[in-house]
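# Just a sequence and a predicted model for now, questions to come.
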Amino acid sequence: MAKAFGSIDERLGEFIRKQRIFFTASAAADGRVNVSPKDAMSLRMLNESRVAYLDQTGSGNETAAHVRANGRLTMMFCAFEGAPMILRLYGKATVLPRRSAEYSELLHSAFDGVEPAGARQMMVLDVDRVQTSCGYGVPLFEYVRERDTLQRWALSKGESGLEEYWRQKNVVSIDGFPTGLLDSEGSETAQLGSGTKIEV
């Protein structure tokens with residue numbers, strides 16, 4: 001049976017810290033719903049009702065576009081070993097641009113100042129509902145190791161190569177919503193209001 005909580009207590013926090021992967025789900029008012037897998041090593045619990053993850057470069061930037069549009073974000077964790085459980089965090093998120101003061105402050109306070117190659121922004125989720133469910137249908141998996149492919153790819157691109165890739169692939173969502181990723185450069189999306197759709 002599903003159970004709801006107002007915040008992340010110590011037991012649930014311990015469960016989150018043990019996970020190797022989590023998933024994010026987001027959507028604008030219209031267009032496609034996005035679900036993405038994330039490396040749990042990028043996640044930090046800031047307090048009982050706030051979590052953050054250091055977002056790395058991907059082939060798209062859907063979550064940022066949706067959060068910019070309406071702030072809604074859900075994170076899901078599944079037990080792939082041990083006792084079964086699914087845990088979801090619901091709330092409103094904020095995107096911290098990579099060059100912002102808030103990003104820099106959180107990088108040092110929560111991530112020991114270590115920024116992996118390919119880092120592009122942070123997502124901070126203010127949690128308003130925590131929900132658990134049985135997870136009986138989730139299969140058991142054995143963890144082997146982390147992949148280093150993304151890190152090697154980002155290092156091979158270099159800073160200028162990554163920014164060019166962002167410009168080509170990460171500035172708008174697949175539905176044409178701005179992600180705000182390059183707004184600090186005075187890009188086209190900087191001139192648009194939150195949630196404005198770009199025709200592509």
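Cool, the structure landed. Because the structure is predicted, anything quoted here is derived from the model rather than measured.
# Can you report phi and psi for the closest residue to residue 82 other than its chain neighbours?
If the residues on either side of it in the chain are set aside, residue 82 comes closest to residue 18, at 7.9 Å by Cβ to Cβ, 6 or more residues apart in numbering. Quick note: C-beta positions are derived from backbone N, CA and C, even for glycine. Dihedral angles of residue 18 (phi, psi; degrees, to the nearest 10) stand at phi -80, psi -10.
# Please report how far residue 18 lies from residue 11.
As for residue 18, its distance to residue 11 is 11 Å (criterion: Cβ to Cβ, to the nearest Å).
# So for those two, which residue has more residues nearby?
Ranked by neighbour count (other Cβ atoms under 10 Å), residue 18 and residue 11 place residue 18 first, with 12 against 9.
# Give me the local confidence score for that one.
Per-residue pLDDT puts residue 18 at 96.
# for the one 3 residues further on, same thing?
In the predicted model, residue 21 carries a pLDDT score of 97.
# ok, now which ones touch it?
Each residue near residue 21 by Cβ atoms under 8 Å, 6 or more residues apart in numbering is listed here: 37, 38, 39, 40, 80.
# and the fourth one, what is it in contact with?
Spelled out, it's residue 40. Neighbour list for residue 40: 16, 19, 20, 21, 22, 77 [criterion: Cβ under 8 Å, 6+ apart].
# cool, the third one as well?
Residue 39 makes contact with 20, 21, 56, 146 under the criterion Cβ under 8 Å, 6+ apart.
# Among the residues you listed, which one sits closest to residue 157?
residue 56 (12.0 Å; Cβ to Cβ).
# Good, wrapping up.
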